[in-house]
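[1] Here you go, sequence then predicted model.
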Amino acid sequence: MAKRACSGCRRKTSFPPFRGALSVLHCLFLAACNLIGGKATPLPASPSALDVAVIYPAHDTPVETGWSPRFTVQVTVAQGGTVEDARVVVSVCDPAGEAVAELHAEHRSDGIYLTEAWMVPTRASLGTWTAVAEISLGEARGGHRSQFQVMGSVSRVLLEKYGFWLNKPTLCGPSYLFGEKGDARNGMIQWGGGTPGLHMTPSHYVQLHWREGEHDLTDAAAVERFLLTELGDLGDSRSIASMERFDFRHWPAWRCECSTHSWQETEWVVFYALEMDKTYAIETILSLPPSVPCPHCELRDSFTVFPEIRATGVAPEPLLRLLPAPRLVAPPVGARFSGVERPIVLEWEAAKPLGADEYYEVEVDYYYREKRTFVQLTTRDTEVTLPGTLYRSPNCSVFSWRATLKQRTGVNETGDPIGKALSYRSMYWYLWWQYPPGAERPFPVLCPYTHYD
């Protein structure tokens, strides 16, 4: 007999055994059910009935693959009142009618029962799934069927496009995929977010790079070259503070700590995956991280690869391959200056001999109150002097800076060049430019946060 859309679930042998025996009757009794308006209807039971409703996930609730919902069931009696000590079992069936899980629920309050968390398989079939609730209390019985929608998660989309799996970052609030470049051979993604608030708030980010082939990672110097020349832009990193060998999953890897803002923690993990013939680098960035044993591990340890997928995805943006960034020389990171008696000169090494239309752009930024101000300085030399106007502008004494080699494509309203990047951005250094003791500032000190470095 052909299987009906409302028929019972079959055990799916490719899944691991259930903790309890899943009775075929759990799903077969649904052959008599009717689905009205996409919502579940209770089944008659004898000798007395319990009113049952699977209230979460609802029929219009999208559930992403890789996510772990907990099914919520409400149990009442026909005469009114809630039921607190019933036996509640929820069976989960995929779109083909295969039973894939049996979940036992516990009473919480007011007739509401909650199952243990069940993870939707990361490569589960997409579409309409079924939740079957069976309830018993003495001789009373009740049954309910509801449906919910399984949709592909961001993790699953990345898996199908690029051949790797990475869980959604969930340490510090919502996460968004806000950067995706390249293709399945060479590319990168940026994924993260944080808790809304002012200025320094808890946040988490994962930046994943992959490059085709086995790159030289034989020692710390080689790893640093790979980071600076193959990946290029290391974000707000001041320097590579430390580097050590360790095993990441089953791959020999390097763990690199980077010096960044004082309220941030940044780590890189770099390794070659032979089964993919790719070199990977995973950066994890945490601002005001939560108190867990290893927050960086929480963000990156779900990473794995699936060479059997033969991914051929293409990102929305191309991956630009630029010249190595200028190497900053002076003043050293964290240098302190007082007053304007002697100029502050920012210096770097030449990235290459400059063409007629090439120049360096030095970006300087500083905070005041909750505002962050950016200033662009341009030169064809390998040094530039910080203007005294910055010293007299409202600021919190800390000035960060970095340099980029650019090619001029035009000029702005003040006649300064504008252009496109030829190199990656340099490291992100900072200095303190303070007023001498007893000197009166031309602006009030309004710096609610003490760590702007």
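    Cool, got the structure.

[2] And the helices in this protein, which stretches?
    With helices called from DSSP state H, the chain shows them at 25-28, 154-162, 220-225, 295-300, 388-392.

[3] quick one: buried residues of the longest one?
    This means helix 154-162. 154-156, 158-159, 161-162 (16 or more other Cβ atoms under 10 Å). No exception for glycine: its C-beta is placed from N, CA and C like everyone else's.

[4] And the fourth one, by the same measure?
    Taking 16+ other Cβ under 10 Å as the basis for neighbour counts, the residues of helix 295-300 that come out buried are 295-296, 298-300.

[5] Out of those residues, the closest to Glu347 would be?
    Using Cβ to Cβ, the shortest approach to Glu347 within these belongs to His296, at 33.4 Å.

[6] In this structure the closest one contacts Gln264, no?
    No - contact between His296 and Gln264 fails when scored by Cβ atoms under 8 Å: they sit 11.8 Å apart.

[7] Need the overlap of contacts for these two.
    Leu286 (Cβ atoms under 8 Å, 6 or more residues apart in numbering).

[8] domains of this protein?
    If you go by automatic domain parsing, the domain ranges for the chain are 10-151, 154-309, 328-434.

[9] Give me the nearest residue to Cys396, chain neighbours excluded.
    Sequence neighbours aside, Cys447 is the residue nearest to Cys396 in space, at 4.0 Å (criterion: Cβ to Cβ, 6 or more residues apart in numbering).

[10] From Lys371, how far off is that neighbour?
    Between Cys447 and Lys371 the computed distance is 11 Å (Cβ to Cβ, to the nearest Å).

[11] Comparing those two, which shows the higher neighbour count?
    Set Cys447 next to Lys371 and count neighbours by other Cβ atoms under 10 Å: Cys447 wins out with 15 against 10.

[12] Please look at that one and Arg369 and confirm they touch.
    Yes - the pair formed by Cys447 and Arg369 meets the contact definition of Cβ under 8 Å, at 7.5 Å.

[13] Please report the number of neighbouring residues for the residue nearest to Phe271 when sequence neighbours are not counted.
    Nearest non-adjacent residue to Phe271, counting by Cβ to Cβ, 6+ apart: Ala253, 3.6 Å away. For Ala253, the count of nearby residues is 23 (other Cβ under 10 Å).

[14] contacting residues for Ala253?
    By Cβ under 8 Å, 6+ apart, the contact set of Ala253 is 245-247, 269-271.

[15] ok, and the most crowded of these?
    With neighbours defined as other Cβ under 10 Å, the most crowded of the contacts of Ala253 is Val270; it has 26 neighbours.

[16] which residues does that residue bridge with?
    Applying DSSP bridges to Val270 gives these bridge partners: Trp254, Ala281.

[17] His104 versus that one, what's the distance?
    From Val270 to His104 the distance is 44 Å (Cβ to Cβ).

[18] next one: Ala117
    Ala117 is 12 Å from His104, by Cβ to Cβ.

[19] go on, Ser259?
    Look at Ser259 and His104: by Cβ to Cβ, they are 50 Å apart.

[20] More neighbours: these two, which one.
    Using other Cβ under 10 Å as the criterion, Ser259 and His104 rank with Ser259 on top: 20 against 13.

[21] For stretch 352-360, measure first residue to last.
    Stretch 352-360 has an end-to-end distance of 11 Å (Cα to Cα, to the nearest Å).

[22] and if you look at stretch 328-339?
    With Cα to Cα applied, stretch 328-339 spans 23 Å between its terminal residues.

[23] And for stretch 429-439?
    Terminal residues of stretch 429-439 are spaced 26 Å apart (Cα to Cα).

[24] how many other residues sit next to the nearest residue to Val154 once chain neighbours are set aside?
    Excluding its sequence neighbours, the residue lying closest to Val154 (Cβ to Cβ, 6+ apart) is Leu177, at 5.5 Å. Applying other Cβ under 10 Å, we find 16 residues neighbouring Leu177.

[25] gap between Leu177 and Lys168?
    Distance from Leu177 to Lys168, by Cβ to Cβ: 9 Å.

[26] Now do the shared contacts for those two.
    Both Leu177 and Lys168 are contacted by 154, 191, under the criterion Cβ under 8 Å, 6+ apart.

[27] How about the contacts made by Leu274?
    Glu214.

[28] what's it sitting at in phi/psi?
    Main-chain dihedrals, Leu274, degrees, to the nearest 10: phi -60, psi -40.

[29] okay, it: pLDDT?
    pLDDT, Leu274: 97.

[30] try Ser14
    36.

[31] Likewise for Leu50?
    Note for Leu50: predicted pLDDT of 79.

[32] mind checking pLDDT for the nearest residue in space to it that is not next to it in sequence?
    Excluding its sequence neighbours, the residue lying closest to Leu50 (Cβ to Cβ, 6+ apart) is Gly142, at 3.4 Å. Per-residue pLDDT puts Gly142 at 87.

[33] Could you give the bridge partners of Gly142?
    Beta-bridge partners for Gly142, by DSSP bridges, are Ile135.

[34] Least confident secondary structure element in the protein?
    helix 25-28 (a mean of 38; mean pLDDT, DSSP states H and E).
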